[in-house]
Structure formats: structure tokens, C-alpha cells
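1. prediction below, plus the sequence it came from.
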Amino acid sequence: MIGLNEETVPPSVPVRPTSGAPELAGLIFRPDGWLQAGLGLEHRPEQERMAQVVAAALRDDAPLLFEAGTGVGKSLAYLAPGLVHAVDCGRQMILSTHTIALQEQIERKDLPLCRRLFESRPELARYARFEAAVLVGKSNYLCTSRLSHALADRSTLLADAEYSELRRISEWAETTATGLRHELQPAPLPELWDAVNADSAACSRKHCDCQRCFYQRARARLRTAQLVIVNHALLFSLLAAGGARAEGAGADASGVLFPADFVVLDEAHTVPSVAEAHFGLSLGSSGVNRLLRHLYNPKTRRGLLVKLGGGEACQCVEDCLEGARHFFEGIASHQLASQPVVRIREAASIDPILDEPLSTLQRAVAKIADRLEDGRMRDELLDQRTRLAGLKSGLNEWLTLGDEGHVYWAERGGRRQTTVSLRSAPIQVAPELRRRLFESGVAVVCTSATLAIGGDMAPFAARLGAAEARSEIVRSPFDFERVMRVYVAADIPPPSFADPGPSLESMAEYVGYCCARVPGGSLVLFTSYRDLKATVAAVEPGLARAGRPVLVQGPDVSRTELARHMRELGNAILFGTESFWTGIDVPGDALSQVIITRLPFDPPADPITEAKAEWIRAEGGDPFRELMLPDALVKFRQGAGRLIRTREDRGLITLLDSRLLTKTYGRLFLAGLPQTGFQRLTRENRDAQFSPFVPRSSR
């Protein structure tokens, strides 16, 4: 049978399962192979190469960096050998993506395709029974045990309005299959969800009915799944919490999340930035208030401590809430008075007024817990004590700048810019990634359409801490010379911090002109929300008069929803910033043009960018060449890559930053486009030069 080592061995030596993935990858993906014969899919040499290289990396438990251009079919190239390897070896495959869109594609399209492939051949039939599970954070699941106790404890935990909301959650719990928060619309109140979600020691196999609790059911599915799908944010949160070791693997055991698993990270170009965010601190004023009010809310006089008769502890909570208000208001009025983000460079510049109240509250909670018998309520209280200890420890680290290898900053956020967050991140994330991922003893495959800089994978490998990893690149099979046109505006003044007006006005005029000339949809990408708002204000009236729908990134609608609207409308103009440079997938005429308004350099005053630049400079390097330029090149390639998603797509890349023509580094950006020829635009020649494709519906 394929995948088992049939060599004769002494009876005392166990037969170790080996992977049939390399052999089967050849049979599946070769010309006239099982993929082509069984499913009628075209043979792609690039996909075949990727599948073979991935299968070899899995067999050898080796790290791999693989850039696969758009249209290669990389999902199938790692899923088919990965599932074979998981079944053959009895190991779990962890697949991590950055965007919901890719996760949905894998669940709804690629996994059913894999199952059909395996069912099409007797040699593959055993793999068709694979099981897949999606893992999300505990706080996203409803815990039916905590819900029932919250309903029963109404008098001490809930006000009337909260009880009505709890009844709504209870009614939804009877119909939902997953118990996942995002399915409940409108979204539940954050404070109330904190009281009933699974992110608590009270949600456990000891206290919950594993047939009814949504999280415990999900965990049970996870234990039997050959494929576990996660997102990067959860992956690195779990790694920061201990990863495989937290799941019971010994200190010397292999594995990333689970013992002896192996990992594929798709959209891997985002890994360094996501890891930075989750290997540091993130303490927000709203989260601190929710934690404290779960124990006791002075306004409603309800909470966990009221039920337990902790009058003294309730007063401690009030003291902490008052201290937290003064603490965060002090940061807002001093450090964040003139700017929304500020780096903290000196320890003890802020009074630690929360330290003593939190210590007192911890002792009070521990005292109450010690009086309780073992059970759900004691576990719940001990869990809250652990959270308070984590909060106190995090605040102390932030105030003292406790880790020399981290950068610390404060920022304002939220709709009204009233939420204050205390943040930190590692200046160099590579050592952490090397230790937690690439020295885990298992295969770690990183793939994306944009990993290399000018064909060189070394800069990305260095950022990952994966200098020893094998790397390979396969190009897109699409004919970009035929389906893509590139235009560069030559007469827009370069951006200027001192006088941004002329450049912004000229850029906005070009945006209005180019969007109006293209019959299909346009995606307009910005590097600053300020520029986006100014441009929308300038061009929206004219576009509205022409009957063109305008979609704008904002807090009230998700990126997924905006992309869906764009696909449905067919001729919309979508204005987006940071998160829209990657992961947006709108095939066909609904996305006929991508406009890049500025080269996507990170602002030099960004705390992480600033700290990295200082570190590089101290090492004798050039921050622009080693940090800012490589990051901008990858992001630029991602933005341009939104245009051509299928063989039938065609359209324009319109670039409104004249530095592409005037700066020596401009040629590196242009060389990163899949279609390297371009035409210069000016106001004088653009009526003749700017030529959109005819929509398919009109051909």
C-alpha cells in the first residue's frame, strides 16, 4: 500500500509510516496525470513543480519558501500532497491564511476538489475520507454552560437590558450550528459576550456538556482532523502562548501547534508583520474596563463578585476602575495630545497608579476563591485572577520598557478616537520565528505570490529567520503582455510633507479622469486615510453624476462586504487603504483597473519602522535599502496583483507616483510588475494614450 514502509525489519523495531506524497504528487500533477484525467483540469507545469517540491519538504520535515505567481493553483499544489502526508503519517496539517477570502476559497472550492480527486482513483480512495476543521479563538465560541449559568444568575450579574440581550443569544444558540459570534447579527454587546464565551477556565470538559458546548464540540472535531485551518493572527497568538508545548508536547518534542504537526502558511508575505503584532503587548483601555466590570459594575451594581458576597472586593474593583480612568486619560492628554501614535522611549515617564489597586484586587479575588469548593465558580474566579495578574504584568512591562528587544508605544483608536492602547512589538521578529517555527522539528512551508525582491528570496528569508530554508520561484502562467496595460502619470508633483496640496489635487484629478474612462470597476489604493478622504471628496460628485457607484473603506463595513458589493455592482469605484492592498479578489470586468496613488512606503515615524531603522543604522546598515524599500516593493506587487485573478481577466494598472520615473529605485517597482512595458501619461497626451479594454459584455 502506498505510504507505508514495507521493508523487512526485526519484530522489535516498530514500522514507521512514511509519506507517499512525493510519489503521488508526480502521478497527480504530471501531464495527463490523475488531476487532468480525473477532473478535467488543465496541466500547469508550475503547479506540478510546486507540488513536487512541497511533497519533498513534507517528507523531509524541512523548511521551504515558495513563491508561486497568480494562476499557478498553489492551494491545490500544497493541499493534495499535504493531505496525503497527513493521512499516511498520522499527523496533522496546519494550514494558516491571512484573509477570510482565502479561507473561504479553501473550504468551499479547494477541499471539495481534493475530495473529488481522491475519489476519482482507487489508489487515492483512502485519502478521500480526510477530515478538516477550522480553528478560531476561544472567545469567538459561545459556551452553553456559561450561558445557562448567566441566565440563572440574572439577579446578581445582569441588568434588565442585558438580560434581554442574553435571551436573544439564548434563542440564537438553539439554531446556530457553530456558536460562532460572527454569525449572530446584530453583534452581541462585548461586555455580555465576555460573560458567555468559551474563553474561560469555566468552559472545560470538566464543566461542560461536550455534546452541547460549541467550543468543546469544535475541540473534539479538531482532535480527529487531518487538516486544521487557522488564520495567521490566531496561529501567532497560540505560538505566543506556548504552541505545541501548551498542547502537551514535551520541551524536546517536535511540532508547532500540536505534537508532530506540520505547517503551511499561505499569504506568507504578511507573516512578519502579523507575528510582530502578536509577539508583543496589546493592552486597551476598553478591554481593561470590560475585565473589571465583569467582576463588578458599579453602575448596575452587578457582577461576578456580587454573587459571591465580595463587598470588599467590589470596592477594590471600583478603585481599579477609577485608577484606570485616570491612568488612560493621563496618557491621552499628555502623550497622545497632539498625535494618535507616540513612541515611549523612557521608563518611568508615566506614574504606575494602577499597580497597587490591581495587587489589592488580586489578593481579594484569591481570598474569595480560597473559600470556595472546587467547581465551576472557583475555576471562573481563579481564571479572573490570572487575567488580573497578566494585566498587572503587562502594564509593568510597558511602563518599565521591560524588554530591550521590543519597541513600546501608545495609540488612540476607536470610532471616536477615545480608546487608548498600550502596545509593544519585537524590533527583530526573526529570532522568535526561527525558534517557534523553523526550529520546531517539522516541515514549515511558506508560500505567496510575492515573497522575493527582484527575484531574490534572501531578504524575506532573513526577516523570517529562515536563512537555511530551501527557496524556489515559479512564475504565473498568465499572458500579462496581452491582458495588462500599465500607465505611469509623469506630471503629478511628488508628494511633499511641507506642501501636500499641489500633489494631492493633481492626484485626485487623475483619479477622477481614469475612473471615468474605464467602463468596469476600479480599485483605488492609498497609503494614507487622509489622502483617501480628500480624494473621495473631490471626485465623488462627478462620479455620482456619471452613475458610478462609490465604495469607501470605513469602520461600518468590512473589507469582505465591500469586495462583494464591488463584484455585484460591476462598475463601482472602491477606495481603500492598508488592508485593501492584499487579499481582495474581484475577477472579471468588475475590477478592470487598479490605481496606485502613492508608492507604499511605511511612514518613517511609525514606531516599529522607526525602531527597526535605528537598529539597522546601529549595525552599520541603510534602513531605506534594507527595510523601507523591500517592504514597499512587496506591498506594491501585492496591490498590482489584485487586477488579474483569472485567465479571462484583463485591465489596467495606473500608477500616479512620478517618483517611478524620477528616482533610481523607481525601476525596481516597475520591474516587479508582471507586465514590464508601460506608457507615460500627461494631461496633454492622456486622451490619446489612455486606452481601456473593451468590457467582455460588449465584445
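-> Yep, it's here. Residues are numbered from 1 along each chain as shown.
2. spatially central residue in this structure, please.
-> Geometric centre of the chain, nearest residue: His98, 3.8 Å, by CA atoms, centre = their mean.
3. run through the stretch 201-350 of the chain and note the low-pLDDT ranges.
-> Along the stretch 201-350 of the chain, segments meeting pLDDT under 70 span 245-252.
4. hey, where'd the helices end up in it?
-> 214-224, 232-240, 271-278, 285-295, 304-307, 311-333 (DSSP state H, counting those that start in this stretch).
5. nearest to Ile344, of the ones you listed?
-> With CB to CB as the measure, helix 311-333 is the member of the helices of the stretch 201-350 of the chain nearest Ile344 (9.3 Å). C-beta here means a position set from N, CA and C on the backbone, and glycine is covered the same way.
6. for that closest one, list every residue counted as buried.
-> 313-321, 323-324, 327-328, 331-332 (16 or more other CB atoms under 10 Å).
7. just give the number of residues close to the nearest residue to Cys89 once chain neighbours are set aside.
-> The shortest distance from Cys89 to any non-neighbouring residue, by CB to CB, 6 or more residues apart in numbering, is to Pro17 (5.0 Å). Pro17 has 15 neighbours, counted by other CB atoms under 10 Å.
8. please apply the same query to Gly375.
-> Gly375 has 11 neighbours, counted by other CB under 10 Å.
9. before we move on, what about Ile427?
-> 21.
10. that one - nearest residue in space that isn't next to it in sequence?
-> Ala611 (4.8 Å).
11. ok, that neighbour - contacts?
-> For Ala611, the contacting residues are 343, 407, 427, by CB atoms under 8 Å, 6 or more residues apart in numbering.
12. what pLDDT does the last one get?
-> The predicted local confidence for Ile427 comes out at a pLDDT of 95.
13. test my guess that it contacts Tyr408.
-> No - counting by CB atoms under 8 Å, Ile427 stays clear of Tyr408, with 10.6 Å between them.
14. low pLDDT regions in the stretch 351-500 of the chain?
-> Ranges of the stretch 351-500 of the chain meeting pLDDT under 70: none found.
15. same question, the stretch 1-150 of the chain
-> 1-16.
16. all strands for it, in order.
-> 63-68, 93-97, 132-134 (DSSP state E, counting those that start in this stretch).
17. let me have those in CSV, extended by distance to Ala534 and mean neighbour count.
-> Compiled in CSV, the strands of the stretch 1-150 of the chain are given as follows (distance: least, CB to CB, whole Å; neighbours: other CB atoms under 10 Å):
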stretch, distance to Ala534, mean neighbour count
strand 63-68, 36, 25
strand 93-97, 34, 26
strand 132-134, 40, 19
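18. could you dump these to CSV with distance to Phe601?
-> Output for the strands of the stretch 1-150 of the chain, formatted as CSV (distance: least, CB to CB, whole Å):
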stretch, distance to Phe601
strand 63-68, 22
strand 93-97, 26
strand 132-134, 36
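19. quick one: contacts for the residue nearest to the centre of the chain?
-> 231-232, 266-267, 270, 274, 582-583.
20. if we can go back for a sec, let me know the closest of the buried residues of helix 311-333 to Leu381.
-> Of those, the one sitting nearest to Leu381 (CB to CB) turns out to be Ala313, at 9.8 Å.
21. chain neighbours aside, what residue packs nearest to the closest one?
-> Going by CB to CB, 6+ apart, Ala313 has Ala364 as its nearest residue, at 3.9 Å.
22. give the helix, strand or coil label for the one you found.
-> The local conformation at Ala364, judged by DSSP: H, G, I helix; E, B strand; the rest coil, is helix.
23. so it touches Gly310, yeah?
-> Yes - if you go by CB under 8 Å, Ala364 and Gly310 touch, sitting 6.8 Å apart.
24. the residue nearest to Ile427 looks like it's in a helix, true?
-> Yes - judged by three-state DSSP, Ala611 forms part of a helix.
25. and the gap between it and Asp355?
-> Separation of Ala611 from Asp355 (CB to CB, to the nearest Å): 26 Å.
26. now swap in Phe438 and tell me
-> Taking CB to CB, one finds Phe438 at 38 Å from Asp355.
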